[in-house]
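K.L.:
Any chance you could fold what I've pasted below:
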Amino acid sequence: MRPLVSSGWLLAALLISPVLASAANQPAPPALVPIEDFAQTPIVSGMRMSPDGKAVAYTASADQKTAIVIKDLDTGKVSGVDDGWAPTWVNDGRIAFGGNGFAAIDRDGSNYKGLAGRARQMETHQVDGLLVAPSPIFSEFTTKANKDDVLLLQYDYPNWRGRYSIILSFPHVLRMDTRSGGFMRMVENPGDVMGWGLDASGVVRVGVEYNKGLYRVLYRDDAKQGWRVLKGLDWERRGTSVRGMSADGKQLYLGRISDNGKWALYTYDIADEKMGEMLLGHAKYDIGSFDGDGSELMLARQTRELLGVRYVAEIPKTQWFDQQMASIQAALDKSLPERINTITDMDVARQRFLVNSSSARDPGTYYVFDLGKQQLTPVMATMPWIKPDQMAEMIPITYKSRDGLPIHGFLTLPAGRGTKKLPLVVMPHGGPFVRETYRFNPDVQFLANRGYAVLQMNFRGSPGFGQAFLDAGKHQVGTGMIDDITDGAKWAIAKGIADPDRVAIMGWSYGGYAALMGVIREPKLFRCAIDLAGVTDWKAILKYDNEVSPNSLPYTRDYIGDFQKDAAALDDISPVYHADAIQVPLLLVYSKSDDTVHYDQATAITKALDKAGKPYEFMAKFNEGHGFYEKKHRVALYQTIEAFLAKNMGPAAAGAATGAN
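P.N.:
Model (predicted):
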């Protein structure tokens, strides 16, 4: 059994000592960065390396327009196609990608073929996602190498009903030739299988079945056999997470709750049908849970050998089981210190490696590491206009909520402005059952550059901190979670970091809801609140969620409530019924095309505020989803936030904003 890994990350730049340091020892504040620099989204994302290691493909973006770009690493020659995203190498010479459905092109940008959706006008079935690519040779087909094939998830009905986009479940598996467009159904869903797993030969051999909040694991020995339930993996409520299969097909890799209450990775012997040894666990953090803890198996290309596990502690980390990979990681970390250096892809021969190097101050640069030449070569920065020395660092912090529960989070201090009595923006994450992690966040960096400290926290119910911590969030979205958030503000005040007279609260989605509920429950704590696409009526949003994602009903009932049976309790925690209790200035921001928090939520809160005679500022945009992504809209949003905070908290930074209208 492998021992539990410890926390271990204590980079000098992120020690808690900066919080206590004297302002006199800090450099002068950086210049005000133009708003457009924060509003512009990354120009490069999703970069993938070809199996032969000679080229990369990536999504190039500019103001909501995307393209697929293929770059030859030796010659620098580029090719591609407009209107696509998320490229995946089918083989050395062909790429599949999303874009109005699915399509494929050759490495030189030629031989475009629409595969599904609007790219092909296929209306006989709904295709939603690559199951695997490149697709290995299928062992059940012996007449053809099938090197140009991919596997796709296929549904029996479209996902658009009236004004709602329905979240689909229970897919079949479709095999499609990316050159001819020919396809056939490879696997018929035997019932309520919501996810599939492959062996190293590309044969679908594992299915995870879901019914009324319970899960079980189905297995078959090969493509010609029937499905059976594996012992110990029958109907459970979130008891097992299937993460993969060993290269020899003899073991499954499963996430299970370990003896210390944290999720850990284990092996499962298929022949004996019993649990094996622990692969990797952590003393403080989950690895391999159901709930988005950020962990991922790192598998060798083609052979599917388990090389390591990526997981999230204070920062993202990779535990390599392969000694060569561990040595390469150590060399990268030495060459690029105090950064998160993630090997995101590699060639089949494991001689060239694609690396993304980033930090909270730097959105990241892609590099290629050539093992034979011992060369680390930059390929492209994701946001090259960002200057890390003008950005602020995220500091991991921990405080206790009023009931003694430890809450982990991050504090970002504005550079050069000391560490005491700072104007503070409390910024709870969305979800709420998601996790805040160490990363470059343009919203946070914008606020810090304008002179505000920013406090983010993983309140109870955030995944990654053990099952008990997740379960502590059950039916606490408007009570215990809000207490954790407001107790964070009180912690910052008690430590002398925050000016008690200049504390604001702001967030997206659930964070927007928390901003409203925070000023309702703590009317004297905050000077103002910014609700960005926040929930305002829980009964309405849960009813809507049940319509667009009926399979989520058991989960939402368990963790939030039932919109019928718990109606009174949900009203008690819905801002629309407590608008008269709001005593501070509000800024409300919504999208009229939001499919996650429907615009009805904005209409409801503005009507309630108008009825209560409460003033507020309001911004709404068309053609945006759950968040603002078009540059001109993001510029306008940052300008509005900057003016709102300055008006209600006093200017935090010297000088004027430099963003254009």
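
K.L.:
The longest helix along the chain: which residues count as buried?
P.N.:
For the chain, the longest helix by residue count, based on DSSP state H, is helix 631-649. Using 16 or more other Cβ atoms under 10 Å as the test for burial, helix 631-649 gives 633-642, 644-646, 648-649. From N, CA and C alone the C-beta is placed, and that goes for glycine too.

K.L.:
Please export the C-alpha coordinates of that helix as CSV.
P.N.:
Taking C-alpha atoms only, helix 631-649 is exported to CSV below (Å, rounded to 0.1, in the frame of the first residue of the first chain):
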residue,chain,number,x,y,z
LYS,A,631,-15.0,41.5,-24.6
LYS,A,632,-17.1,44.7,-24.8
HIS,A,633,-19.5,43.3,-22.3
ARG,A,634,-16.6,42.3,-19.9
VAL,A,635,-15.1,45.8,-20.3
ALA,A,636,-18.4,47.4,-19.4
LEU,A,637,-18.8,45.0,-16.5
TYR,A,638,-15.4,45.8,-15.0
GLN,A,639,-16.0,49.5,-15.5
THR,A,640,-19.4,49.2,-13.7
ILE,A,641,-17.9,47.2,-10.8
GLU,A,642,-15.0,49.7,-10.4
ALA,A,643,-17.3,52.7,-10.3
PHE,A,644,-19.7,50.9,-7.9
LEU,A,645,-17.0,50.0,-5.4
ALA,A,646,-15.3,53.3,-5.6
LYS,A,647,-18.7,55.1,-4.9
ASN,A,648,-19.6,52.9,-2.0
MET,A,649,-16.3,52.0,-0.4
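
K.L.:
can you list contacts of that helix?
P.N.:
Taking contacts as Cβ atoms under 8 Å, 6 or more residues apart in numbering, the residues outside helix 631-649 that touch it are 35-36, 38-41, 63-64, 423, 425, 446, 450, 452, 502, 504, 506, 527-528, 530, 584-585, 587, 589, 617, 619, 621, 624, 628, 652, 657, 659-661.

K.L.:
what does stretch 616-623 give?
P.N.:
By Cβ under 8 Å, 6+ apart, the list of residues contacting stretch 616-623 reads 585-593, 599, 602, 606, 609, 628, 630, 633, 636-637, 640, 644.

K.L.:
thinking again about what came up before, average pLDDT for the longest helix of the chain?
P.N.:
Averaging pLDDT along helix 631-649 gives 96.

K.L.:
Please apply the same query to stretch 85-100.
P.N.:
This predicted structure assigns stretch 85-100 an average pLDDT of 91.

K.L.:
can you give me the end-to-end distance of it?
P.N.:
Counting by Cα to Cα, to the nearest Å, you get 10 Å between the two ends of stretch 85-100.

K.L.:
buried residues in that stretch?
P.N.:
Using 16+ other Cβ under 10 Å as the burial criterion, the residues of stretch 85-100 that qualify are 85-99.

K.L.:
Same question for stretch 192-207.
P.N.:
192-200, 202-207.

K.L.:
Name the pair among those with the greatest separation in space.
P.N.:
With distances taken as Cβ to Cβ, the most widely separated pair in the buried residues of stretch 192-207 is D192 and A200, at 26.6 Å.

K.L.:
For E522, give me its contacts.
P.N.:
Contacts of E522 were listed using Cβ under 8 Å, 6+ apart, and they are T486, A489.

K.L.:
going forward can the numbers begin at 542, since that is how I track them
P.N.:
Sure, I'll start counting at 542 from here, so that last one is E1063.

K.L.:
I'd like to know the phi and psi angles of it, please.
P.N.:
Listed backbone geometry of E1063 is phi -130, psi 70, with angles given as degrees, to the nearest 10.

K.L.:
What distance do you get for it to M588?
P.N.:
44 Å (Cβ to Cβ, to the nearest Å).

K.L.:
Check Q860 too.
P.N.:
Q860 is 23 Å from M588, where distance means Cβ to Cβ.

K.L.:
With L656 instead?
P.N.:
Taking Cβ to Cβ as the criterion, L656 is separated from M588 by 22 Å.

K.L.:
Q843 too?
P.N.:
From Q843 over to M588 (counting by Cβ to Cβ), the distance is 19 Å.

K.L.:
These two: who's more crowded?
P.N.:
For Q843 versus M588, the count of surrounding residues by other Cβ atoms under 10 Å is larger for M588: 21 against 14.

K.L.:
out of everything not next to it in sequence, what's closest to the more buried one?
P.N.:
Sequence neighbours aside, Y599 is the residue nearest to M588 in space, at 3.9 Å (criterion: Cβ to Cβ, 6 or more residues apart in numbering).

K.L.:
Name all residues that make contact with the one you found.
P.N.:
V585, S586, G587, M588, R589, I609, V610, K612, P628, Y907, M921.

K.L.:
How much space separates A1145 from L694?
P.N.:
Per Cβ to Cβ, A1145 is found 35 Å from L694.

K.L.:
wait, I meant P628
P.N.:
P628 sits at a distance of 18 Å from L694 (criterion: Cβ to Cβ).

K.L.:
if we can go back for a sec, what about burial for the contacts of stretch 1157-1164, which qualify?
P.N.:
Using 16+ other Cβ under 10 Å as the burial test, the contacts of stretch 1157-1164 include 1126-1132, 1143, 1147, 1150, 1169, 1174, 1177-1178, 1181, 1185 as buried.

K.L.:
Out of these, the closest to M932 would be?
P.N.:
Distances from the buried ones among the contacts of stretch 1157-1164 to M932 were compared by Cβ to Cβ; the smallest belongs to L1178, at 19.3 Å.
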